[in-house]
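Novice: mind folding the following:
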Amino acid sequence: MFISLQELELHEVDFNEEFQPDAIDLGNDVRARTPIRSQGRAELIEERHGKHNVLQDIRLVGDFSTSLELNCARCLDVVVRDIGKGFDLLYRPQGSDAGRDELTVTQAEADIGYYKGDGLMLEDVLREQVLLAVPIKVVCSEQCKGLCPRCGRNLNNEGCTCAEPIPDPRWTALKDIKKTLEQ
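Specialist: Next comes the predicted model:
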């Protein structure tokens with residue numbers, strides 16, 4: 001869905017969209033399992049910078065929800081997570097802040113995105129918001145044993161017959177200190 005400046009100059013734009021799982025590319029590590037549903041409103045905000053410079057910012061307020069397939073960080077099994085989040089975003093024309101001297105960026109300015117041309121695609125906004133909502137580390141369970149570092153077997157499903165790992169001699173000094181402290 002394209003949110004155009006021409007339409008926003010006339011009136012606010014309400015959206016209630018559903019994107020099929022393969023419609024928005026989320027990369028190789030994240031897959032949408034169910035449609036990405038989003039609803040909200042877009043409006044045009046005119047912001048004055050000086051006497052003659054008027055910026056046309058696009059403000060998007062809404063939310064989204066979907067179900068994602070992710071890989072467990074320990075065993076690489078597929079994990080399904082439902083995510084949803086509200087958003088209140090501000091997009092400014094690309095290049096509107098160019099040429100300014102170095103300034104300290106406030107938190108409000110750090111949250112500003114940029115659009116190019118006559119508007120922006122809702123799909124691009126949702127892609128960014130979905131990826132920001134994905135947890136940094138996902139595990140299938142807190143008891144997940146992960147993969148054997150030698151043979152790669154999933155230790156949750158089967159035992160491993162690999163030999164005990166050979167201790168790294170660089171850690172010997174620390175092990176000696178630990179034994180001394182435990183006495």
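Novice: C-alpha only now, for contacts and for neighbours.
Specialist: Will do.
Novice: mind splitting the chain into its structural domains?
Specialist: Using automatic domain parsing, the domain ranges for the chain come out as 2-133, 147-183.
Novice: of those domains, which stretch is the most buried?
Specialist: Among the domains of the chain, ranked by average contacts under mean count of other CA atoms under 10 Å, first place goes to domain 2-133 (a mean of 15).
Novice: could you tell me the end-to-end distance of that one?
Specialist: 23 Å (CA to CA, to the nearest Å).
Novice: distance from it to the middle of the chain?
Specialist: Remark: domain 2-133 is offset 11 Å from the chain centroid, using CA atoms, centre = their mean, to the nearest Å.
Novice: show me where pLDDT drops low in the chain?
Specialist: Where the chain drops to pLDDT under 70, the residues are 49-50, 95-110, 163, 165.
Novice: neighbouring contacts of the helix or strand residue 89 falls within?
Specialist: In this structure, residue 89 sits in strand 78-93 according to DSSP states H and E. Applying CA atoms under 8 Å, 6 or more residues apart in numbering, the external contacts of strand 78-93 come out as 55-72, 111-117, 129-130, 133-134, 138-140.
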